[in-house]
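Chemist: whatever this is, show me its structure:
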Amino acid sequence: MRCTATRTRRSGERNRAIRNHGLNGANSVSVMLEREQTQALRASEQRYRTLFDLVPVAVYCCDAAGVIQQFNRRAAELWGREPSPGDTDERFCGSLKLFRPDGSFMPHEQCPMAEVVSGKLAQVCDAEALIERPDGSRITVIVNIRPLMSAQGEVTGAINCFFDVTERKRDAERSREYVARLGDADRRKSEFLAMLAHELRNPLATISAGLQVQRLAGTDTQAPNSVTELMERQVGHLVGLVDDLLDVNRIGQGKVHLRRGRVALATIVHAAVETARSLIEHMGHKLILEMPTEPIWLNADPLRLAQVVGNLLNNASKFTGNGGRVSLTVALRGEEAEIRVRDNGVGISADQLPFVFDMFMQARAPLERSGTGLGIGLALAKTLVEMHGGTIEAHSAGVTHGSEFVLRLPVTHEAPQPQPSTPAHETCATTMARRVLVVDDNCDAAESLALVLKLSGHVAYIAHDGLEAVAKAAELSPDLILLDIGLPTINGYEAARRIREQARGKSLMLVALTGWGQDADRQKSRDAGFDAHLVKPVDAQVLTNLLLELHALAPVDRGS
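Modeler: Below is the predicted model:
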């Protein structure tokens, strides 16, 4: 309304000026009209310029000669600089460098703007291009160009609107990579579960067959004795698989802690050799061991490093045919101990060599290589070696040419610490008969363990739930209680607390015997009053050591 009133007032003024002043008035009106048109044009240009700079899309235009006429703020931001007055599109874009989506360089005469201005292209819609800016960074843009035409239909220039899609492209690429990783992870999981089932069935089949042989053999003692060794070896294999899986979980959660100390490398190597010896002998391999004459000392966790070297030896044996050769060489190289495990087995192909330390790598092995494990051992070895400040490498000349793993660890020059003398009771090879209460809701597990104890000369009792365990502990006054954690009525932790409150509860040995073996589980056992925490299945020698310890702590009460 205000604008309409203003225009009406000005129109009235012009009419009065014409009537009052005649020709001179007409000239004055003409001057007023020009002034008003100039002011309106400036206001319109200001509005256009403001809008031009505010739009989030980069815009610039060229004339027919390719000279840049106008550009907005967003264009200058994306270019990383502003054109100089009189800059041509060719000279300016030449300073920026343009590339096609595939990364190949785009000469100026082939760039979208040049082809529209020259008339080669009628227009450009949603074309993709890469701009390399003066600072060397690159952005991806989507380009839309329309020509400017004269009344005669000639091209007088062109307007280019472009916008940055770099982040969108990166997000899309990350999404594709994420989806690909999910697919790969799902494939690896499926392959791993299939391999796990395969690896579990092999020893279980041997154990099952062994039990049938023992049942059919009857009183024939020779056949069952040899079968027993087979079953023991397969049980050890099963335990190793479970231990590796638990180690993977602990390492993934950052819960593996090294118990480091000054240790002779020879001690670690010999322990690893003993661990792998049964498989090497079973495969009929020739083991070549080369050790230096002078001792090499490490600041290391001996159990973990023996696990690493044992994994390397087992790995070499698994991938070497019957009657093959496995060698282990130890040497001192400057300030590093070098361990080389070499075999003349199947070797590693060039495409798999960079990935041999990846978790579950073995799950991708050919099906004809059965019984080769879960692909966990080498991944664990690499992690444990790096935790010790060392390195591990894999080498192979290719398939059928064998493989070599080289482990390097920093040596220590610290003075040796005096070793405590061995208590006399640890040298005792026999134990006196003890009363042992076995508590497990799995009847087969409880009865088999009780049978082992009875055959070892002890008196064994059985309970199958938490409340029964508390009652029998009070009734029988056992010397040792092997107590499961997951029990009916009350769990093992609560049962342990109640047993400790009994008259003899503080003097007996209370041991958790469970399938739960994480650090948090062991801490709960300590908090509940357990003296030790064993993970199923328990080795007979471990039980013997416990009973030896019990014998040293307290003599047998003959009247109990």
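Chemist: and the residue lying closest to G390 once chain neighbours are set aside, how close does it get to T391?
Modeler: In space, and not counting its chain neighbours, G390 is closest to L409: 4.0 Å by CB to CB, 6 or more residues apart in numbering. Using the backbone N, CA and C atoms, a C-beta is placed for each residue, glycine as well. To T391, L409 is 8 Å away according to CB to CB, to the nearest Å.
Chemist: of these two, who's got more company?
Modeler: Using other CB atoms under 10 Å, the more surrounded residue of L409 and T391 is L409, with 23 against 13.
Chemist: quick check: which element contains the more buried one?
Modeler: strand 403-410 (DSSP states H and E).
Chemist: please apply the same query to S175.
Modeler: Assigning secondary structure by DSSP H and E places S175 in helix 166-217.
Chemist: what's that helix packed up against?
Modeler: strand 138-149, helix 222-252 (3 or more CB pairs under 8 Å, 6 or more residues apart in numbering; DSSP states H and E).
Chemist: picking up where we left off before, name the residues contacting each of L409 and T391.
Modeler: Common neighbours of L409 and T391, counting by CB atoms under 8 Å, 6 or more residues apart in numbering, are V385.
Chemist: follow-up on the earlier one: go through the helices and strands packed on helix 166-217 and find the least confident stretch.
Modeler: Sorting those by mean pLDDT places helix 222-252 lowest, at a mean of 70.
Chemist: what comes up buried for the following helix or strand past it?
Modeler: Once the chain leaves helix 222-252, the next helix or strand it forms, by DSSP H and E, is strand 261-264. Using 16 or more other CB atoms under 10 Å as the test for burial, strand 261-264 gives V263.
Chemist: follow-up on the earlier one: what angle do the helix holding S175 and strand 138-149 make?
Modeler: Interaxial angle of helix 166-217 relative to strand 138-149 (axes from the mean of the first three to the mean of the last three CA atoms, to 10 degrees): 140 degrees.
Chemist: what about the strand holding L409, average pLDDT?
Modeler: 95.
Chemist: report the buried residues of it.
Modeler: S403, E404, F405, V406, L407, R408, L409.
Chemist: same check on stretch 478-493?
Modeler: Of the residues in stretch 478-493, 478-485, 487, 490-493 count as buried by neighbour count, 16+ other CB under 10 Å.
Chemist: which of the residues you listed fall in strands?
Modeler: The members of the buried residues of stretch 478-493 that map onto strands under DSSP state E are L480, I481, L482, L483.
Chemist: for the first one, what are its contacts?
Modeler: The contact partners of L480, by CB under 8 Å, 6+ apart, come to R434, R435, V436, L437, L508, M509, L510, V511, L546, L547, L550.
Chemist: where along the stretch 251-400 of the chain do the strands fall?
Modeler: For the stretch 251-400 of the chain, the strands defined by DSSP state E, counting those that start in this stretch occupy 261-264, 286-290, 297-300, 325-333, 336-343, 391-395.
Chemist: so what touches the fifth one?
Modeler: If you take CB under 8 Å, 6+ apart as the criterion, strand 336-343 is touched by 265, 269, 296, 298, 309, 312-313, 315-317, 319-320, 324-332, 390, 402-411.
Chemist: among the residues you listed, the buried ones, what's the PyMOL command?
Modeler: Here is the PyMOL selection string for the buried members of the contacts of strand 336-343, based on 16+ other CB under 10 Å:
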select buried, resi 265+269+296+298+309+312+313+315+316+317+319+320+324+326+327+328+329+330+390+402+403+404+405+406+407+408+409+411
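Chemist: got TSV for the contacts of L480, with distance to P134 and pLDDT too?
Modeler: Output for the contacts of L480, formatted as TSV (distance: CB to CB, whole Å; pLDDT from 0 to 100):
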residue	distance to P134	pLDDT
R434	85	86
R435	87	90
V436	82	92
L437	82	94
L508	81	90
M509	78	89
L510	75	93
V511	73	92
L546	75	78
L547	80	77
L550	80	68
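Chemist: closest one of the residues you listed to A172?
Modeler: V511 (57.5 Å; CB to CB).
Chemist: count of neighbours near the closest one?
Modeler: Neighbour tally, V511, other CB under 10 Å: 22.
Chemist: part of a helix, is it?
Modeler: No: counting by DSSP: H, G, I helix; E, B strand; the rest coil, V511 is not found in a helix; it is strand.
Chemist: quick check: it vs G153, distance?
Modeler: Applying CB to CB to V511 and G153 gives a distance of 98 Å.
Chemist: what's the answer for A64, then?
Modeler: 13 Å.
Chemist: with G347 instead?
Modeler: 73 Å.
Chemist: now swap in V124 and tell me
Modeler: Distance, V124 to G153, using CB to CB: 19 Å.
Chemist: which one of these two is surrounded by more residues?
Modeler: For the pair V124 and G153, the greater number of neighbours falls to V124 (21 against 6), based on other CB under 10 Å.
Chemist: quick one: V273 from G310, how far?
Modeler: 8 Å.
Chemist: higher neighbour count, these two?
Modeler: Using other CB under 10 Å, the more surrounded residue of V273 and G310 is G310, with 23 against 17.
Chemist: on the pLDDT front, check the more buried one for me.
Modeler: 88.
Chemist: ok, now A429?
Modeler: 39.
Chemist: so who does N144 touch?
Modeler: When contacts are counted by CB under 8 Å, 6+ apart, N144 is found next to V124, C125, D126, A127, N160, C161, F162.
Chemist: helix, strand or coil: sort out the fifth one for me.
Modeler: Right, N160. When classified by three-state DSSP, N160 comes out as strand.
Chemist: that one contacts I142, doesn't it?
Modeler: No: judged on CB atoms under 8 Å, N160 makes no contact with I142 at a distance of 11.3 Å.
Chemist: which of the two has more neighbours?
Modeler: Using other CB under 10 Å, the more surrounded residue of N160 and I142 is N160, with 24 against 16.
Chemist: so what's that one closest to, chain neighbours aside?
Modeler: Looking at N160 with CB to CB, 6+ apart, the closest residue is I145, at 4.8 Å.
Chemist: ok, the one you found to V124 distance?
Modeler: Using CB to CB, we find I145 at a distance of 4 Å from V124.
Chemist: now swap in F357 and tell me
Modeler: For F357, the distance to V124 - CB to CB - is 50 Å.
Chemist: and the next helix or strand past the lowest-mean-pLDDT helix or strand in the chain?
Modeler: Lowest by mean pLDDT, DSSP states H and E among the helices and strands of the chain is helix 2-54, with a mean of 63. Note on helix 2-54: by DSSP H and E, the next helix or strand toward the C-terminus is strand 58-63.
Chemist: tell me the average confidence for that following strand?
Modeler: So the average pLDDT for strand 58-63 ends up being 90.
Chemist: same check, this time on stretch 347-358
Modeler: 87.
Chemist: relative to E229, which of the ones in strands among the buried residues of stretch 478-493 is nearest.
Modeler: Distances from E229 to these, taken by CB to CB, are shortest for L482, at 25.6 Å.
Chemist: what's the closest non-adjacent residue to that closest one?
Modeler: Per CB to CB, 6+ apart, closest to L482 is L513, 4.5 Å.
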